[in-house]
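Q: build me a model:
(chains A and B)
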There are 2 protein chains.
Amino acid sequence: MIENIPKKIKHDRRLLARVISQIENDTEEGRNELEKLFSFTGNAHIIGITGPSGAGKSTLVDKLVKELIQNNKENKKKIAVVAVDPTSPFTGGAILGDRIRMQSIALNPNIFVRSMASRGALGGIAHATQAVALTLDAAGFDYIVIETVGAGQSEIEIAGLSHTVIVVKAPGMGDDVQAAKAGILEIADILVVNKADKPGTDAAVMALKLMIEMGYPAQKTNDQTWVPPILQTTALHGEGIDQVAEQVLKHQELSQINGGWQTRSQTQIQYFLKYLLEKEQRKHWHQFQQDKSSRRVFDQVYARSLSPYQAIKQLLKQ
Amino acid sequence: MIENIPKKIKHDRRLLARVISQIENDTEEGRNELEKLFSFTGNAHIIGITGPSGAGKSTLVDKLVKELIQNNKENKKKIAVVAVDPTSPFTGGAILGDRIRMQSIALNPNIFVRSMASRGALGGIAHATQAVALTLDAAGFDYIVIETVGAGQSEIEIAGLSHTVIVVKAPGMGDDVQAAKAGILEIADILVVNKADKPGTDAAVMALKLMIEMGYPAQKTNDQTWVPPILQTTALHGEGIDQVAEQVLKHQELSQINGGWQTRSQTQIQYFLKYLLEKEQRKHWHQFQQDKSSRRVFDQVYARSLSPYQAIKQLLKQ
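A: Predicted structure coming up:
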């Protein structure tokens, strides 16, 4: 058992990486560590970045992180990146060039990069991601960027984990309507059309504008006073990144003033609690199947001397 | 409130249909009715029929039901059909010819046909199907045939609802390997290659035989002493149906002797209980969000004065 973990992980990166692994894997030790760390959380601003693979999310994250660091030279902000995207260079699925590019930020002492192993179950990934984010929060990172590939449910889940959601698209991918249908636009605080040097950029921007005007996002999960800006970037050449950083800071500031930030922090905690509760409850069923007095209840139902509804009442009482 | 429902639904089909609707929709009244009916269940032999759409399941069910009725002239067996397949003629998705054909069995006083509205959630459908089957069981039907289209999970679920599982295939559909991979063969008690007048029948039978010899089914969910027979039918012309009926009766008899029938009955009840439990548990979360003292626990977590793990312990105590 390591003494004074909350303090030590701020300065010892190898320890931080080890603690994250334990917490990510939900070991007994990991739970104990998160238990100790929890009271030091609640300060980081969590940025979720999602979008289809091929939209250039990883490059955008790379440049955005650098921009945020340079923006805050005097403050020395610390930024952590959590990559859940299986095709992301962070997770090792990409070509060498990408890896090297990524190392450029990974070597910066104020930047910490962590990739998440995909676990199959979506709820599980989201929960593990959240546990890792809490650890990084306790370790004193000012910004935590969670990068996740757009794949149905996981895109929507990112909204429950973040304070600012950036949805990235690329022109000519023709997935704008699908995106709207899938509710991806509804969760966006900032919309980015990346690869804006490619043909079809204007059309993509126009389509997003129309959808926003039609009232798609803005009303539901977004803060009332915030209308998602539509930004154009060419992340590969660093173009437009300053605007993305600017809008992130603006959204952060505004939401801290109007209470949106606090509401989202509470939602994040609720997500975390809900998953823990469901996990405990799944254990119940297995316990019931082992437990002698529960099995007596089962037997009564088999024999039709007790109805299923009565049985559930008795099982829940036990 | 209707008095003496268990007795009345045996003779009043309109009442039976109404009670089924209430139970299927899981209304308060439906639950009360199932509560009363439950002690009269546990006698029906439940036959699950699954396979890809286009394999001719509905025609096979139609002919099999007739065969089972004719087989038992002196006993006057009663048979109910529950069609969960959205493409099935029972559920209205088919052409007129199919509808008329189906009416031929629906008009028989010893046959009752019920289609299930698809509900989206698979667990939900399986649970509703089971609730309907329990009702038909209490209403005195000797056989309940559950027809479900092969679509991933639902195929496997049928095993948890049935005493005898028939997997239907058609030649030349080239899905035998997929079927094996998806675990469909593992749940089969009887394998039927329908449309056996079509080319490719021998190849399909051979492929299934090989897979069984390779030990695919037989060992896992099936009763030890039963090796799934591979039957050939041309249901449209009534060919081979007598053998299917014969094997169903044989499997029923054997499994009642070797205890397999009783084990499966218990598994069915366990499925039903598990779903009810999960439903209750989902309610808990909503209650926690409403309840004042739970919200105080949430607030402590938001304020970081209580860890998520401690919070769950406290919530579960309440």
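
Q: please enumerate the strands of the stretch 201-318 of chain A.
A: Here the stretch 201-318 of chain A has its strands, by DSSP state E, counting those that start in this stretch, at A:230-232.

Q: report the spatially nearest residue to residue A:230, omitting neighbours in sequence.
A: residue A:191 (4.6 Å; Cβ to Cβ, 6 or more residues apart in numbering or on different chains). Every residue, glycine included, has its C-beta placed from N, CA and C.

Q: list the helices and strands the host helix or strand of that neighbour packs on?
A: Following DSSP states H and E, one finds residue A:191 within strand A:190-193. Contacts defined by 3 or more Cβ pairs under 8 Å, 6 or more residues apart in numbering or on different chains; DSSP states H and E place strand A:190-193 against strand A:164-169, helix A:201-213, strand A:230-232, helix A:241-258.

Q: average pLDDT for the top helix by length along chain A?
A: Secondary structure of chain A read by DSSP state H shows that its longest helix is helix A:260-290. What helix A:260-290 shows for mean pLDDT is 87.

Q: got it, and stretch A:82-90?
A: Model confidence over stretch A:82-90, given as mean pLDDT, is 60.

Q: check stretch A:114-128 too.
A: pLDDT averaged over stretch A:114-128 gives 66.

Q: start and end of that stretch, how far apart?
A: Terminal residues of stretch A:114-128 lie 12 Å apart, using Cα to Cα, to the nearest Å.

Q: try stretch A:295-314
A: 11 Å.

Q: what score does residue A:75 have for pLDDT?
A: 67.

Q: give me phi/psi at residue A:305?
A: phi -90, psi 0 (degrees, to the nearest 10).

Q: which other residues reach the one helix or strand residue A:131 maps to?
A: According to DSSP H and E, residue A:131 maps onto helix A:122-138. Applying Cβ atoms under 8 Å, 6 or more residues apart in numbering or on different chains, the contact partners of helix A:122-138 are A:6, A:9, A:16, A:19-20, A:23-24, A:26, A:30, A:33-34, A:37-38, A:40-44, A:46, A:80, A:82, A:84, A:112, A:114, A:116, A:118-119, A:144, A:146, A:148, A:153-154, A:157, A:160-161, A:268, A:271-272, A:275, A:278.

Q: inside helices: which ones of those?
A: Counting by DSSP H, those place A:6, A:16, A:19-20, A:23-24, A:30, A:33-34, A:37, A:153-154, A:157, A:160-161, A:268, A:271-272, A:275, A:278 in helices.

Q: buried ones from those, can you make that a PyMOL selection?
A: Here is the PyMOL command that picks out the buried ones among these, judged by 16 or more other Cβ atoms under 10 Å in any protein chain shown:
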select buried, chain A and resi 6+16+19+20+23+24+30+33+34+37+154+157+160+161+268+271+272+275+278
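
Q: out of the ones in helices among the contacts of helix A:122-138, which touch chain B?
A: Filtering those for proximity to chain B by Cβ under 8 Å from any Cβ of the partner chain leaves A:34, A:272, A:278.

Q: distance from the chain centre to the strand holding residue A:191, please.
A: 17 Å (Cα atoms, centre = their mean, to the nearest Å).

Q: who's in contact with it?
A: A:51, A:60, A:164-171, A:185, A:201, A:204-205, A:208, A:212, A:228-233, A:240, A:244, A:247-248, A:251.

Q: direction included, what does it pair up with?
A: Using DSSP bridges, the strands paired with strand A:190-193 are strand A:164-169 (parallel), strand A:230-232 (parallel).
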